[in-house]
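Student: Sequence plus the predicted model coming up.
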Amino acid sequence: MLKDQFEKFKDRFVKIRGNPRDIALGFSLGIFVGLTPTMGFQMIIAIFFASLLRWNKFSAAAAVWFTNPLTAIPIYGLNYWVGTKIFFWMEFKGFPRDLFSGGIEAFFELLGNSPSILLVTTLGGFIVSIPACIFSYFFAYRAIINYRDKKEKVKGKLKDIKEKRRKN
């Protein structure tokens with residue numbers, strides 16, 4: 001099922017009209033935004049910056065869906081973990097140790113620690129996003145170019161077949 005969804009997305013993605021570079025840049029931007037803890041605003045942010053930079057808005061909007069309700073917990077967990085490892089010298093308060101068994105006190109401690117948690121998750125998200133958006137640019141660009149090359153080859157073969165039929 002997940003593989004089918006990926007194939008469906010890929011088939012639609014490579015058929016986006018426009019400059020392959022701009023499409024790939026929009027996709028890369030969407031991946032970058034999608035990996036930051038901005039869920040709920042990701043599409044707006046991606047479309048805004050894609051418009052500003054004149055990159056493909058559709059591919060930017062589509063790429064932010066990499067972060068969705070199924071992937072958000074592992075992605076944000078990774079961002080938090082990376083943030084705590086890279087920015088270890090910063091004084092911040094993390095998750096309460098007794099979060100699930102501490103009752104209402106643990107909940108209020110978590111609320112008090114939220115700015116710190118968000119900061120570390122955001123910083124970790126930027127660190128994770130940089131290599132991901134670089135990789136996604138080359139992946140998207142190559143996928144679009146490969147699709148268009150195959151499409152041109154098929155058109156050329158069809159044209160040859162039509163020419164042969166006309167001659168006969």
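Tutor: Sure, I can see it. Residues are numbered from 1 along each chain as shown.

Student: tell me the pLDDT at Ile16?
Tutor: In the predicted model, Ile16 carries a pLDDT score of 77.

Student: Using the three-state scheme, assign it.
Tutor: Using DSSP: H, G, I helix; E, B strand; the rest coil as the criterion, the local structure at Ile16 reads coil.

Student: can you tell me how far it sits from Ile145?
Tutor: When distances are taken as Cβ to Cβ, to the nearest Å, Ile16 and Ile145 turn out to be 13 Å apart. Yep, even glycine has a C-beta here, placed from its N, CA and C like the rest.

Student: With neighbour numbers in mind, choose between these two.
Tutor: Taking neighbours as other Cβ atoms under 10 Å, Ile16 and Ile145 compare with Ile16 leading, 18 against 14.

Student: any idea how far Trp55 is from that one?
Tutor: According to Cβ to Cβ, Ile16 stands 12 Å off from Trp55.

Student: what sits in contact with each of the two?
Tutor: When contacts are counted by Cβ atoms under 8 Å, 6 or more residues apart in numbering, the set common to Ile16 and Trp55 consists of Ile23.

Student: Quick one: mean pLDDT for the helix or strand hosting Phe138?
Tutor: Taking DSSP states H and E as the criterion, Phe138 maps to helix 103-167. Averaged across helix 103-167, the pLDDT comes to 81.

Student: cool, stretch 40-56 as well?
Tutor: The pLDDT scores in stretch 40-56 average 94.

Student: Local confidence estimate at Gly26?
Tutor: What the model reports for Gly26 is a pLDDT of 95.

Student: so how far is Ile23 from Ala61?
Tutor: The span separating Ala61 from Ile23 equals 12 Å under the rule Cβ to Cβ.

Student: And Ile75, by the same measure?
Tutor: With distances taken as Cβ to Cβ, Ile75 is found 23 Å from Ile23.

Student: Looking at Ala61 and Ile23, which has the bigger crowd around it?
Tutor: Neighbours per residue, other Cβ under 10 Å: of Ala61 and Ile23, the larger number sits with Ile23, 23 against 20.

Student: Need the nearest residue in space to the more buried one, chain neighbours excluded.
Tutor: When the adjacent residues along the chain are set aside, Ile23 lies closest to Asn56, with 4.4 Å between them (Cβ to Cβ, 6 or more residues apart in numbering).

Student: The one you found against Leu25, yeah?
Tutor: Yes: using Cβ atoms under 8 Å, Asn56 is in contact with Leu25, at 7.2 Å.

Student: of those two, who's got more company?
Tutor: Set side by side, Asn56 and Leu25 give different neighbour counts by other Cβ under 10 Å, the larger being at Asn56 (26 against 22).
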